[in-house]
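Trainee: here you go, sequence then predicted model.
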Amino acid sequence: MEENHCRRFFEEQFRHQVAAGDLQLNPFERRVLPYVEGRVLDFGCGLGNLAVAAARRGCSVLALDASATATAHVAAIAANEGLDLVVERRDLRTYDSGACFDTVVSIGLLMFFDRSTALRQLQSLVASVRAGGVLVLNVLIRGTTYLEMFDQDEHFLFAPDEVRASLQGFEILEDVVERFAASAATEKVFLTIVARKKPSAGGR
């Protein structure tokens, strides 16, 4: 899998977090966990805190990430606890499950792709939600000035309306914009959307 600045950045961060035992659900994961049920796709699972929490609650989870450190860590937990949790290391710029899920989750990932890839993979995630199922999406949006973890040519800050426009046929359950101070007087601006696909919208 091709290396870049972003992958190196997170590989190092994940190693530090595993060594430090820093494995708590982040605020976004805590907010959306109550919506996660049934057969779950966690697209960009990172260290798998949400995937593991969902599997412990009885969900059947497919967790995907590009990080060797992250996927090995999640796989070890799944094996040790006998969870219904499959972990795969994949290049998520091109991955398409071709399947349908009750819950599709992507937290803090799509902004690390170039624009065309981010929009294509967003549409793939939308299509992977079964009728009546839930999509959980969290991305950095325009207004974000903290860019340290991005590759110069491979990132994309969504406009909030761009994300919402992709959810035709969904009922929006949560739509939250949050701002967080970052280093050197910069700021991260996140959009978190939880949406349920209407039965008439169909699925794969």
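Mentor: Everything's here; your move. Residues are numbered from 1 along each chain as shown.

Trainee: who are the contact partners of E162?
Mentor: Counting by CB atoms under 8 Å, 6 or more residues apart in numbering, E162 makes contact with L119. (Each C-beta comes from the backbone N, C-alpha and C, glycine too.)

Trainee: ranges for the strands of the chain?
Mentor: Assigned by DSSP state E, the chain shows strands spanning 39-43, 60-65, 85-89, 101-107, 129-140, 170-181, 187-197.

Trainee: how about residues contacting stretch 86-102?
Mentor: 1-2, 37-41, 43-45, 48, 51, 61-68, 71, 74-75, 78, 109, 113, 117, 121, 124, 128-130, 133-134, 203-204.

Trainee: so for that stretch, mean pLDDT?
Mentor: On average, the pLDDT along stretch 86-102 is 94.

Trainee: change the start of the numbering to 57 and stick with it
Mentor: Taking 57 as the first residue, the last one we looked at is stretch 142-158.

Trainee: report the buried residues of that stretch.
Mentor: V143, R145, R146, L148, R149, S153, C156, F157, D158 (16 or more other CB atoms under 10 Å).

Trainee: ok, the first one to A109 distance?
Mentor: Applying CB to CB, to the nearest Å, one obtains 14 Å for the distance of V143 from A109.

Trainee: repeat for the fifth one
Mentor: The gap separating R149 from A109 is 26 Å, by CB to CB.

Trainee: same check on N194?
Mentor: Per CB to CB, N194 is found 15 Å from A109.

Trainee: what of K254?
Mentor: Taken as CB to CB, the span from K254 to A109 is 27 Å.

Trainee: list the buried residues in stretch 168-180.
Mentor: Using 16+ other CB under 10 Å as the test for burial, stretch 168-180 gives F168, F169, T173, A174, L175, R176, Q177, L178, S180.

Trainee: likewise stretch 190-203?
Mentor: Across stretch 190-203, burial judged by 16+ other CB under 10 Å covers V190, L191, V192, L193, N194, V195, L196, I197, T200, Y202.

Trainee: surely the fifth one meets M167?
Mentor: In this case it means N194. No: with contact defined as CB atoms under 8 Å, N194 does not count as touching M167 (9.6 Å).

Trainee: and the longest helix anywhere in the chain, how far out from the chain middle?
Mentor: Counting residues, the longest helix in the chain under DSSP state H turns out to be helix 61-76. In terms of CA atoms, centre = their mean, to the nearest Å, the centre of helix 61-76 is found 17 Å from the chain centre.

Trainee: re earlier: pLDDT check: weakest of the buried residues of stretch 190-203?
Mentor: By pLDDT, Y202 ranks lowest within those, coming in at 93.
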